[in-house]
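Asker: based on what follows, work out the 3D shape:
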Amino acid sequence: MLSTLSELPDYISAKAVQKVIRDGFLAGRVGMSVHLPTSPLRSIYHETTSAALAERGVSLQFFKRLRRLHWDKTNADDPPTIVALEFSDNSVEEFDHTILAMPAIQLW
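Answerer: This is a model prediction of the structure:
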């Protein structure tokens, strides 16, 4: 079970817990109200959002391990741009625009 901090309790620092309590519950009368969603968070944040973006032509890749970024460095005057992503299954996919939403530690 994940906590408010989106991490298992064994991996959360005491300072992070203190901040959540201070900012969330002790900040004022409104801060102490608790809202329980009527749908699973996966449905709200993943399925509904994915469907809305897909309707707009956005391709989303979930749970695929990224092996390498393919860069276009042809013009020395411009910064390099990502032109394709190579995944651990050896597939390479090209995109017009790329947003990497992943933990920064995985970029090293």
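
Asker: when you work out contacts or count neighbours from here on, use the C-alpha atoms and nothing else.
Answerer: Fine.

Asker: quick one: buried residues of the host helix or strand of E86?
Answerer: Assigned by DSSP states H and E, E86 belongs to strand 81-87. Neighbour counts over strand 81-87 (16 or more other Cα atoms under 10 Å) mark I82, V83, A84, L85, E86 as buried.

Asker: in CSV, list these along with pLDDT and distance to K64.
Answerer: Output for these, formatted as CSV (pLDDT from 0 to 100; distance: Cα to Cα, whole Å):
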residue, pLDDT, distance to K64
I82, 88, 17
V83, 90, 17
A84, 92, 14
L85, 91, 11
E86, 93, 10
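
Asker: and of these, the nearest to L60?
Answerer: Distances from L60 to the buried residues of strand 81-87, taken as Cα to Cα, are shortest for L85 (12.4 Å).

Asker: which strand residues bridge the closest one?
Answerer: L69, E93 (DSSP bridges).

Asker: which residues does it contact?
Answerer: L66, R67, R68, L69, H70, V92, E93, E94 (Cα atoms under 8 Å, 6 or more residues apart in numbering).

Asker: who wins on neighbours among those residues?
Answerer: Counting neighbours by other Cα atoms under 10 Å, L66 comes out on top of the contacts of L85 with 18 neighbours.
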